[in-house]
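Q: sequence unavailable; structure follows:
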């Protein structure tokens, strides 16, 4: 596939060992997009709202737009996590709901969403393969309480020594302070840590610019050439080899 440039200080290209892998969660280990789609459709059908918003795809587009708008406000520190959920309900419905009404409506979505939670098939094997090689932790832009609950429900919480999130770190990816704060919490220098995430802009470039080894998980296999300092993989089966240094962060991807 691609020939990414070597990452300074990463894996086989570094002077010392890679000591930890920091993980993104949503759409990296956990199929957020798929779970959200199934949960949202079940919720909107149950509420009798699909036809009112032009059918499934139009309703989902409105749902995603509300999520992106209000989650961006949460990341910017304009609203808290619970308030962002309330605003998602109000924005989607276009109604001035009270906090209690918004909580109840969004809570009914959460029940459908959580019933749809699923890991990607390659997530658990990668976590297990890395366990004897490096320390593992989470760095997420979600809230700590939400990710702690999610990881426990998915049965993978024990793989991580820490779950570090924007609400407690005080910074959100791609800000370098989010990445360096997570490294500091682990007692490691950035060049001793790799970050794995599905977003090129927020995850990989943010990690690279903060001095971490940047691994972009491109599950859609876009074939897009990664920028300098970013290692692109198409699946997590490649990751243990990278960490062992068998492939090296500058070698071509082996997954088609």
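A: Structure's in. What do you need? What you are looking at is a predicted structure, and each value in this text was computed from that prediction instead of being measured.
Q: residue 105 and residue 97 touch, don't they?
A: Yes. With contact defined as C-beta atoms under 8 Å, residue 105 reaches residue 97; the gap is 6.8 Å. C-beta: built from backbone N, CA, C; applies to glycine.
Q: okay, and the common contacts of these two?
A: Both residue 105 and residue 97 are contacted by residue 89, under the criterion C-beta atoms under 8 Å, 6 or more residues apart in numbering.
Q: between those two, which has more neighbouring residues?
A: residue 105 (20 against 16; other C-beta atoms under 10 Å).
Q: secondary structure element for that one?
A: Element membership for residue 105 (DSSP states H and E) is helix 99-115.
Q: which residues are contacting that helix?
A: 35-36, 38-40, 42-43, 46-47, 82, 85-90, 93, 97, 153.
Q: quick one: residues contacting the nearest residue to residue 27 once chain neighbours are set aside.
A: Closest residue in space to residue 27, ignoring its immediate chain neighbours: residue 198 at 4.5 Å, by C-beta to C-beta, 6 or more residues apart in numbering. Shown in contact with residue 198 (C-beta under 8 Å, 6+ apart): 24, 27-28, 216-219.
Q: buried residues, the helix holding residue 105. List them.
A: Using 16 or more other C-beta atoms under 10 Å as the burial criterion, the residues of helix 99-115 that qualify are 102-103, 105-106, 109, 112-113.
Q: over to stretch 195-207?
A: Of all the residues in stretch 195-207, those buried under the rule 16+ other C-beta under 10 Å are 195-200, 202-207.
Q: so can I have TSV of these showing distance to residue 238 and secondary structure?
A: Listed next are the buried residues of stretch 195-207 as TSV, based on distance: C-beta to C-beta, whole Å; DSSP: H, G, I helix; E, B strand; the rest coil:
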residue	distance to residue 238	secondary structure
195	15	strand
196	10	strand
197	14	strand
198	14	coil
199	18	coil
200	16	helix
202	21	helix
203	16	helix
204	14	helix
205	19	helix
206	21	helix
207	17	helix
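Q: ranges for the helices of this protein?
A: Remark: helices assigned in the chain by DSSP state H are 32-46, 56-75, 81-93, 99-115, 123-130, 144-153, 166-169, 176-186, 206-209, 239-244.
Q: any idea which of these is most buried?
A: helix 206-209 (a mean of 24; mean count of other C-beta atoms under 10 Å).
Q: can you list the domain ranges for the chain.
A: Here the domain parsing of the chain from automatic domain parsing is 11-31+118-244, 32-115.
Q: got the contact list for the residue nearest to residue 227 when sequence neighbours are not counted?
A: In space, and not counting its chain neighbours, residue 227 is closest to residue 205: 6.9 Å by C-beta to C-beta, 6+ apart. Contacts for residue 205 were tallied using C-beta under 8 Å, 6+ apart; they are 174, 214, 227, 230.
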